[in-house]
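Undergrad: what would the 3D arrangement of this be:
(4 chains)
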There are 2 protein chains.
Amino acid sequence: MKKARTSNGRPARRPATIRDVAKRARVSTATVSRTLAVPDLVSDAARARVLAAVKATGYTPNVAARNLRARRAMMVLVVVPNIANAFFAEVLRGIDDELVASGYGIIIGNLDNKVEREARYVDLVFAGQVDAVLLMSGHIPSGNGKLMTEAGVPMATICVAIADSALPSVMVDDRAASEAVAEHLLSLGHRRFGYISGPADNQNEVGRRAGFRAGLAAAGIDPDRAVYWPGEFSLGTGVRAAESFLALSDRPTAIFAASDTIGIGFMKTVTEAGLRIPEDLSIVGFDGIEFSEFVTPSLTTIRQPRHDIGRAGARALIDALADGAAPKSVLLEAPLLLRGSTARAPAALRERPKVRRSR
Amino acid sequence: MKKARTSNGRPARRPATIRDVAKRARVSTATVSRTLAVPDLVSDAARARVLAAVKATGYTPNVAARNLRARRAMMVLVVVPNIANAFFAEVLRGIDDELVASGYGIIIGNLDNKVEREARYVDLVFAGQVDAVLLMSGHIPSGNGKLMTEAGVPMATICVAIADSALPSVMVDDRAASEAVAEHLLSLGHRRFGYISGPADNQNEVGRRAGFRAGLAAAGIDPDRAVYWPGEFSLGTGVRAAESFLALSDRPTAIFAASDTIGIGFMKTVTEAGLRIPEDLSIVGFDGIEFSEFVTPSLTTIRQPRHDIGRAGARALIDALADGAAPKSVLLEAPLLLRGSTARAPAALRERPKVRRSR
DNA sequence: CTGAAAGCGCTAACAA
DNA sequence: TTGTTAGCGCTTTCAG
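TA: Sure thing, here's the model as predicted:
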């Protein structure tokens, strides 16, 4: 008694099924299936008839049915802490490139910086709706009493590692890159530093801070003499750090911001207060987002190969899916991009390098 | 003879099915299903046993099976021209907010500005893998001889309309907003204008250009006297337009860029060439992306309520899915944000307003 | 080379 | 209130 119409009130047009095609081509559904999956197994005549029927009916295989049979979804879940963050966009593009090329679809799991949102994606994974997971959240999603890692699905983290976890990761060497930042600033004669932090529990933050401090220490500078501002990876953190910076009597001459967004927020604020960059103050960011080049002056920064990170992460998963092995970690190079926001320390403030002590 | 192991070589741990739960709770699978879907239909005793069994087995319903039965996917496809474009990130967040709240998942269809990529998503829709589609590409995807609109799935466009199509759209009034830009610039005494275009076939571009020209015309200025640069919505277009602008002998004093990215590229380039903004030159963008506020000076622009657009678009689809009606169009307000990049026209170049002719 | 038939895991009638 | 049963659309043995 039920009327044949879609839930949307449009005329029925029930999508063609494999049986419609089979009937029309006067073969069995098995032959249709074979024609589409392994054409060589089918006679030319049958194949031709099937193909014609497919065209005539506009048949597209139903994915739910196929997945139910094949016990796979041809989908990868990408968990991102906040989809509005400009940094992730290009990474996503890299992931998408690689995934699409291998026939996988991409489901975005946006946490919007809220842990409550994790549960939903944990369920998605346990429900078998995705074949693999790429994590950009720096944190293993959990919810409803389950950890996502327990679902037995290949997983990898990208852009960031997860503390105390055995998950493979695809990322740059935050520590080494940050040491290079310190060296660069030191070579310009800076001796008084500021560091604007990301979230304290984020492993990128941990690596960057450690690298920067190590770089200072290597030059005989006490890392604890630097000024540290807490924060997160956002423009607002840069703004607030700048306000605090401006209130300082003895200001650093060089600032390392743990992300470009922080750096850009900082620059904008101190510039408006009348400071000149890089004459009065040098500043370095991290990430190499597109806009870092378009602020004035352009921001010296560490370039993360975001597209490559995305591709490599996706590839690691695809390979794991194909050969049944665990995904492999990859560490990528992150070069320092020298641009307009760094220059020699102001002469007046430049301390004479300490003479090397006898021991 | 086949070994029970996942394709990934990990120990089998076949996910629990509804039958495992039923067996353990000593009820039928139907009762398990009911317990999860309509708990009130089940006796307290049975429900308790089922719930316990669910917990014990770690059961999560298989989505492919459920979708196969229910003939719906609980997924919405969002087609975006280029996922790396900062503009879309916040729109996606709005879409995601609304979709997640209604239990839908989101599949990203990134075209990466390549038409070839459309076919894949057309198939996805015809394969019943999504229940609805949100289009940000300004173009109806097609491929394999099919138009996506023919799949009989609720669709809407957001941020942009599609020429000659009946698809409902959720967007701002490009034309009206751009007229406001012209009025603003005119009120500052500018009389010589430049306009940097997006892609000529893009309906946002069409609307913005028309609005701007209408605004000029309304003030008795011949729109054809303005300088027009072709391009796309990108930083590079701004840079190239700026180079062309700098080579001009008789330069406009006010520039309207069809997007913030264009405006930012332009600003950076002319600033480096020594021009002062807004003293020498006023510039207005369109979109209100986050970074438009952090360039120096901050960019006067039209703010698109991106998060709201995303939400409204998703909502239109969800409503359509629920009540079986076609999605409804929505036109949102887009205010002009007065910031630092616009000021009175340089006195020397400011033309005396023409005296109104007698006819 | 081809067809018949058995499910994949779930839900919705229909009976009881 | 509960169980039985019949598929959703597809792939894949197993025979022929």
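Undergrad: what about whichever residue of the stretch 101-250 of chain A sits closest to DNA strand D, how many neighbours?
TA: Residue nearest to DNA strand D within the stretch 101-250 of chain A (C-beta to the nearest atom of the strand): A:Gly103, separated by 12.7 Å. Backbone N, C-alpha and C define where each C-beta goes, glycine included. As a burial measure, the neighbour count of A:Gly103 was computed by other C-beta atoms under 10 Å in any protein chain shown and equals 9.
Undergrad: you'd agree A:Val79 is up against A:Ile140?
TA: No. With contacts counted by C-beta atoms under 8 Å, A:Val79 stays clear of A:Ile140, the gap being 9.7 Å.
Undergrad: neighbour count winner among those two?
TA: A:Val79 (27 against 20).
Undergrad: and the more buried one, how far from A:Arg315?
TA: 18 Å (C-beta to C-beta, to the nearest Å).
Undergrad: before we move on, back to that, and the gap between the residue of the stretch 101-250 of chain A closest to DNA strand D and chain B?
TA: 9 Å (C-beta to the nearest C-beta, to the nearest Å).
Undergrad: so that residue sits right up against A:Met74, yeah?
TA: Yes. Using C-beta under 8 Å, A:Gly103 is in contact with A:Met74, at 6.2 Å.
Undergrad: show me what contacts A:Val79?
TA: Residues in contact with A:Val79, defined by C-beta atoms under 8 Å, 6 or more residues apart in numbering or on different chains, are A:Gly109, A:Leu111, A:Glu118, A:Tyr121, A:Val133, A:Leu134, A:Leu135, A:Met136, A:Ser137, A:Pro141.
Undergrad: filter the residues you listed down to the buried ones.
TA: With neighbours counted by 16 or more other C-beta atoms under 10 Å in any protein chain shown, these contain buried members at A:Gly109, A:Leu111, A:Glu118, A:Tyr121, A:Val133, A:Leu134, A:Leu135, A:Met136, A:Ser137, A:Pro141.
Undergrad: which positions in the longest helix anywhere in chain A come out as buried?
TA: Looking only at chain A and at elements set by DSSP state H, the helix with the highest residue count is helix A:306-323. Judged by neighbour count (16+ other C-beta under 10 Å), helix A:306-323 contains these buried residues: A:306-321.
Undergrad: what of stretch A:109-120?
TA: By neighbour count, and taking 16+ other C-beta under 10 Å as the criterion, the buried residues in stretch A:109-120 are A:Gly109, A:Asn110, A:Leu111, A:Arg117, A:Glu118, A:Ala119, A:Arg120.
Undergrad: hmm, the last one is touching A:Gly143, no?
TA: Meaning A:Arg120. Yes. Under the criterion of C-beta under 8 Å, A:Arg120 lies in contact with A:Gly143, with a separation of 7.3 Å.
Undergrad: and the helices in the stretch 151-300 of chain A?
TA: Listed in chain order, the helices of the stretch 151-300 of chain A (DSSP state H, counting those that start in this stretch) span A:174-187, A:203-218, A:235-246, A:260-272.
Undergrad: which of the buried residues of helix A:306-323 sits closest to B:Glu279?
TA: Nearest to B:Glu279, judged by C-beta to C-beta, of the buried residues of helix A:306-323 is A:Arg306 at 36.7 Å.
Undergrad: how close does the closest residue to the closest one other than its chain neighbours sit to A:Pro305?
TA: Leaving out its chain neighbours, the residue that sits closest to A:Arg306 by C-beta to C-beta, 6 or more residues apart in numbering or on different chains is A:Glu90, at 4.1 Å. When C-beta to C-beta is the yardstick, A:Glu90 and A:Pro305 sit 9 Å from each other.
Undergrad: how about the residues of the stretch 1-150 of chain A by DNA strand D?
TA: For the stretch 1-150 of chain A, the residues found near DNA strand D under the criterion C-beta under 7 Å from any atom of the strand are A:14-15, A:17-19, A:29-30, A:32-34, A:36-37, A:59, A:61-62, A:65-66, A:68-70.
Undergrad: go again with 6 Å.
TA: Applying C-beta under 6 Å from any atom of the strand, we find that the stretch 1-150 of chain A lies next to DNA strand D at A:17-18, A:29-30, A:33-34, A:37, A:61-62, A:65-66, A:68-70.
Undergrad: most widely separated two among those?
TA: Going by C-beta to C-beta, the pair spanning these furthest: A:Arg34 and A:Leu68, at 18.8 Å.
Undergrad: so who does the nearest residue to A:Leu68 once chain neighbours are set aside touch?
TA: Using C-beta to C-beta, 6+ apart and skipping the chain neighbours, the partner closest in space to A:Leu68 is B:Ala64 (4.2 Å). Counting by C-beta under 8 Å, 6+ apart, B:Ala64 touches A:Ala64, A:Ala65, A:Asn67, A:Leu68, A:Ala73, A:Gly128, A:Gln129.
Undergrad: again, but for A:Ala314
TA: Contacts of A:Ala314 were listed using C-beta under 8 Å, 6+ apart, and they are A:Val76, A:Gly94, A:Ile95, A:Asp96, A:Asp97, A:Glu98, A:Leu99, A:Ser102, A:Leu134.
Undergrad: these, buried ones only, as a ChimeraX selection?
TA: One line in ChimeraX is enough to select the buried members of the contacts of A:Ala314, burial here meaning 16+ other C-beta under 10 Å:
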select /A:76,94,95,96,97,98,99,134
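Undergrad: return the member of the contacts of A:Ala314 nearest to DNA strand D.
TA: When these are compared for distance to DNA strand D (C-beta to the nearest atom of the strand), A:Ser102 wins out at 17.2 Å.
Undergrad: test my guess that that closest one contacts A:Asp319.
TA: No. Here A:Ser102 does not reach A:Asp319: they are 9.7 Å apart, not a contact under C-beta under 8 Å.
Undergrad: what helix or strand is the residue nearest to A:Leu68 located in?
TA: Using DSSP states H and E, B:Ala64 falls within helix B:63-70.
Undergrad: for that helix, list the C-alpha coordinates in PDB.
TA: What follows is helix B:63-70, C-alpha atoms only, in PDB (Å, rounded to 0.1, in the frame of the first residue of the first chain):
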ATOM      1  CA  VAL B  63      26.200   1.300   9.400                       C
ATOM      2  CA  ALA B  64      26.400  -0.300   6.000                       C
ATOM      3  CA  ALA B  65      23.800  -2.800   7.000                       C
ATOM      4  CA  ARG B  66      21.600  -0.200   8.500                       C
ATOM      5  CA  ASN B  67      21.800   2.100   5.600                       C
ATOM      6  CA  LEU B  68      21.200  -0.800   3.200                       C
ATOM      7  CA  ARG B  69      17.900  -1.500   5.000                       C
ATOM      8  CA  ALA B  70      16.900   2.100   5.600                       C
END
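Undergrad: how about the residues of the stretch 201-350 of chain A that lie near chain B?
TA: Where the stretch 201-350 of chain A comes near chain B, counting by C-beta under 8 Å from any C-beta of the partner chain, the residues are A:235, A:264-265, A:267-268, A:271-272, A:290-291, A:293-296, A:298, A:320-321, A:324-326.
Undergrad: check the stretch 251-359 of chain A for the residue nearest chain B and tell me.
TA: Nearest residue of the stretch 251-359 of chain A to chain B: A:Gly324, at 4.1 Å (C-beta to the nearest C-beta).
Undergrad: separation between that residue and DNA strand C?
TA: Taking C-beta to the nearest atom of the strand, to the nearest Å as the measure, A:Gly324 falls 19 Å from DNA strand C.
Undergrad: show me what the helix or strand hosting the residue nearest to A:Arg306 is packed up against.
TA: Secondary-structure assignment from DSSP H and E places A:Glu90 in helix A:86-101. Using 3 or more C-beta pairs under 8 Å, 6 or more residues apart in numbering or on different chains; DSSP states H and E as the contact criterion, the neighbours of helix A:86-101 among helices and strands are strand A:75-80, strand A:105-110, helix A:260-272, helix A:306-323, helix B:86-101, strand B:105-110.
Undergrad: quick one: pLDDT of A:Val122?
TA: Looking at A:Val122, its pLDDT is 93.
Undergrad: pick the one among the contacts of A:Val79 closest to B:Val227.
TA: For B:Val227, the nearest member of the contacts of A:Val79 is A:Met136. The distance, counting by C-beta to C-beta, is 43.2 Å.
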